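Novice: pasting the structure only:
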């Protein structure tokens, strides 16, 4: 379901009560001959030095903007699924002719894609809306916040794109530029059944031209009492394997060397369409070039338990990172039950123990919520004990935030100072151990895909998705590089090239993968244009045509005004 709020134009508002144009003339009005009879006695006075001023009724019906010529600023909060959505929206806008820019002050319109997982993310989103309004910028909002709470006061009057309506971003932006408010919240369905969302073959602009983010499903099968994302993304909807594989193949043809699979719960993939996650992964492995890599997204314990033996084989594959993100959220069975997580601590431990035993060197990342309303001191101690035993190299520690409309938001809260105290203690424990200790002189082959935050190094990842910093040399980017570890830190290892730089064996591009698209280049669209030699109209032609139409319309209106003036 969707609804559209569009204000009527001035011309429409003046004639809505008329059934026919002749209703304007009444029977007692003067006839045309009566009006013209006295004209011969009227001597028009010449007007000099005065400008003719049109009234409001002279404003043309319609909109005097040329769609596709404006500058758009896109900002994203949240998970990789949200980032993928933003890449698709930016790609469609750019393919239509809009210019995507990073300088928000120069933009004509801001497209803000929000996250509803935690209160701070929504606060940043709300503040950005306030800033845009203060600067007089046009706005379109998207993501989980407006989808999950469309009646929020601060969103009223804004154009909204629902999480499954990102393929209609051009329409919404066009209307917003005209001053209209449009809100699209519908779900994508096939034969009455929810699907993954907008098509995966839409144009997109990758934030990193070397990395393709593919959402394999949307929504989940859980009903966690603290989660607001469920209100936005809804029930599980999976994409067919063939569509996902086709998107991966296209990505490699465009120079991508790393695929990220994302969703609210990748482990639940396929339950709604009769397919399993391992079945999808084996199909993907077949199309991954030698030297390129696949990274799995987050999966909750209940669903990965179904496929542990197959997952062991997949995670050991040389073109799949030995990495898995499995959120535990709490070390207490009592708290897990109150969260409705649908597993107990022993289930989580079984997943970790099994994979650590069968997948040598695997990296297990997890999440923990501190201060859930029913968490006692004993419950928290169980969580501390879990972290102390496993020393997770990647641990996301979050304070509990009551999200509007969730069951947990109605429960009595633990005093914030106590929550902060628990969060601090767990953070100190995490900082106390060094996951990369004693790794000096180890040899790794890393795939280099990113730049470090301080802009001083390039970032690569080894088979276990451990971060390795390498010298910032352009020849390394997008390639497999053999390195020796020289030093380590809490979150990284520092590597140096093994052998001479002239030795082609230690720096290799993934087999058959061309150079990546340029940053900002639209995926899929530019390549098609280059292959088309018989294009009928270019974007420039369309802009010129629109200008000509507007000019002719303006001249015609001025002539009409002049004629009316002469007859007076």
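Specialist: Here it is on my side, so go on. Since the structure is predicted, the reported quantities are computational estimates derived from the model, not experimental observations. Residues are numbered from 1 along each chain as shown.
Novice: Not counting its own residues, what contacts stretch 161-171?
Specialist: Contacts of stretch 161-171 with the rest of the structure, by Cβ atoms under 8 Å, 6 or more residues apart in numbering, involve 2, 85, 88-89, 92-93, 96, 111, 140-144, 146-147, 172, 182, 184-188, 197-199, 202, 218, 232-233. In this view, the C-beta of every residue, glycine as well, is placed from N, C-alpha and C.
Novice: what stretches of the stretch 401-550 of the chain score poorly on pLDDT?
Specialist: Counting by pLDDT under 70, the stretch 401-550 of the chain shows low-confidence ranges at 502, 526-550.
Novice: My error: substitute the chain in the last question.
Specialist: 1-64, 502, 526-568.
Novice: quick one, what contacts residue 297?
Specialist: Neighbours of residue 297 in contact, by Cβ under 8 Å, 6+ apart: 80, 216, 260, 261, 262, 263, 266, 325.
Novice: Narrow the contacts of stretch 161-171 to those in strands?
Specialist: Applying DSSP state E to these, the entries found in strands are 111, 140, 141, 142, 143, 182, 184, 218.
Novice: can you name the two of these that are farthest apart?
Specialist: 182 and 218 (21.9 Å; Cβ to Cβ).
Novice: In terms of neighbours, single out the busier of these two.
Specialist: Legend: neighbour count by other Cβ atoms under 10 Å for residue 182 and residue 218, higher for residue 218 (28 against 22).
Novice: any idea how far the more buried one is from residue 305?
Specialist: 22 Å (Cβ to Cβ, to the nearest Å).
Novice: same deal with residue 498?
Specialist: Distance from residue 498 to residue 305, by Cβ to Cβ: 40 Å.
Novice: picking up where we left off before, with distance to residue 523 as extra columns, can I get the ones in strands among the contacts of stretch 161-171 in TSV?
Specialist: Below are the ones in strands among the contacts of stretch 161-171 laid out as TSV (distance: Cβ to Cβ, whole Å):
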residue	distance to residue 523
111	18
140	21
141	24
142	19
143	21
182	26
184	23
218	20
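Novice: Only the buried subset of those residues, as a PyMOL command please.
Specialist: A single PyMOL command is used to select the members of the ones in strands among the contacts of stretch 161-171 judged buried by 16 or more other Cβ atoms under 10 Å:
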select buried, resi 111+140+141+142+143+182+184+218
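Novice: Among the ones in strands among the contacts of stretch 161-171, find me the one that's closest to residue 414.
Specialist: residue 143 (28.9 Å).
Novice: Isn't the closest one up against residue 121?
Specialist: No - in this structure residue 143 lies outside contact range of residue 121 using Cβ atoms under 8 Å: 9.7 Å.
Novice: Now for those two: what residues contact both?
Specialist: With Cβ under 8 Å, 6+ apart, residue 143 and residue 121 have common neighbours 77, 78, 114, 115.
Novice: out of those, which are inside strands?
Specialist: Short answer: the shared contacts of residue 143 and residue 121 in strands (DSSP E) are residue 114.
Novice: Which one of the shared contacts of residue 143 and residue 121 is nearest to residue 105?
Specialist: residue 77 (19.7 Å).
Novice: the strands in the stretch 151-300 of the chain, which residues?
Specialist: Secondary structure of the stretch 151-300 of the chain (DSSP state E, counting those that start in this stretch): strands located at 159-161, 181-184, 189-190, 193-194, 211-215, 217-218, 237-238, 258-262, 293-295.
Novice: And for the stretch 1-150 of the chain?
Specialist: Using DSSP E, counting those that start in this stretch, strands in the stretch 1-150 of the chain cover 3-5, 71-76, 99-101, 109-114, 138-143.
Novice: Could you point out which of those strands sits nearest residue 454?
Specialist: strand 71-76 (21.8 Å).
Novice: Okay, buried residues for that closest one please.
Specialist: Buried-residue list, strand 71-76, by 16+ other Cβ under 10 Å: 72, 73, 74, 75, 76.
Novice: likewise stretch 278-293?
Specialist: Going by 16+ other Cβ under 10 Å, stretch 278-293 has these buried residues: 278, 280, 281, 284, 287, 288, 289, 291, 292, 293.
Novice: among the residues you listed, which two are most distant?
Specialist: 278 and 291, at 23.2 Å, using Cβ to Cβ across the buried residues of stretch 278-293.
Novice: What ranges does the stretch 401-550 of the chain have for its strands?
Specialist: 443-451, 457-461, 467-471, 480-488, 493-497, 507-508.
Novice: Adding mean neighbour count and distance to residue 397 as columns, could you present those strands in JSON lines?
Specialist: As requested, the strands of the stretch 401-550 of the chain are exported to JSON lines (neighbours: other Cβ atoms under 10 Å; distance: least, Cβ to Cβ, whole Å):
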{"stretch": "strand 443-451", "mean neighbour count": "19", "distance to residue 397": "24"}
{"stretch": "strand 457-461", "mean neighbour count": "21", "distance to residue 397": "22"}
{"stretch": "strand 467-471", "mean neighbour count": "21", "distance to residue 397": "19"}
{"stretch": "strand 480-488", "mean neighbour count": "19", "distance to residue 397": "22"}
{"stretch": "strand 493-497", "mean neighbour count": "20", "distance to residue 397": "23"}
{"stretch": "strand 507-508", "mean neighbour count": "16", "distance to residue 397": "37"}
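Novice: between those, which gets nearest to residue 240?
Specialist: Across the strands of the stretch 401-550 of the chain, closest to residue 240 is strand 443-451 (Cβ to Cβ), at 27.8 Å.
Novice: helices and strands around the closest one, which ones?
Specialist: strand 457-461, strand 467-471, strand 480-488, strand 493-497 (3 or more Cβ pairs under 8 Å, 6 or more residues apart in numbering; DSSP states H and E).
Novice: Now the buried members of the contacts of stretch 161-171.
Specialist: By 16+ other Cβ under 10 Å, these give 85, 88-89, 92-93, 96, 111, 140-144, 146-147, 172, 182, 184-185, 187-188, 197-198, 202, 218, 232-233 as buried.
Novice: ok so, going back, which one of the ones in strands among the contacts of stretch 161-171 is nearest to residue 494?
Specialist: Closest to residue 494, out of all of the ones in strands among the contacts of stretch 161-171 and judged by Cβ to Cβ, is residue 143, at 36.6 Å.
Novice: what's the closest non-adjacent residue to the closest one?
Specialist: residue 114 (3.6 Å; Cβ to Cβ, 6 or more residues apart in numbering).
Novice: again with residue 185
Specialist: residue 162 (4.1 Å).
Novice: can you check residue 227 too?
Specialist: residue 406 (6.6 Å).
Novice: unless I'm mixing things up, that neighbour is touching residue 228, no?
Specialist: Yes - in this structure, residue 406 is within contact of residue 228 by Cβ under 8 Å, at 5.8 Å.
Novice: the more surrounded of these two?
Specialist: residue 228 (26 against 18).
Novice: and residue 375, how many neighbours?
Specialist: With other Cβ under 10 Å as criterion, residue 375 counts 24.
Novice: so what's the closest residue to residue 299 other than its chain neighbours up against?
Specialist: Spatial nearest neighbour of residue 299, excluding adjacent residues (Cβ to Cβ, 6+ apart): residue 267 at 3.2 Å. Going by Cβ under 8 Å, 6+ apart, residue 267 touches 277, 299, 300, 302, 303, 304, 306, 307.
Novice: would you list these in JSON lines and tack on neighbour count?
Specialist: JSON lines is the format used below for these (neighbours: other Cβ atoms under 10 Å):
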{"residue": "277", "neighbour count": "26"}
{"residue": "299", "neighbour count": "24"}
{"residue": "300", "neighbour count": "26"}
{"residue": "302", "neighbour count": "18"}
{"residue": "303", "neighbour count": "22"}
{"residue": "304", "neighbour count": "24"}
{"residue": "306", "neighbour count": "15"}
{"residue": "307", "neighbour count": "17"}
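Novice: Among these, which one sits closest to residue 368?
Specialist: Distances from residue 368 to the contacts of residue 267, taken by Cβ to Cβ, are shortest for residue 300, at 14.1 Å.
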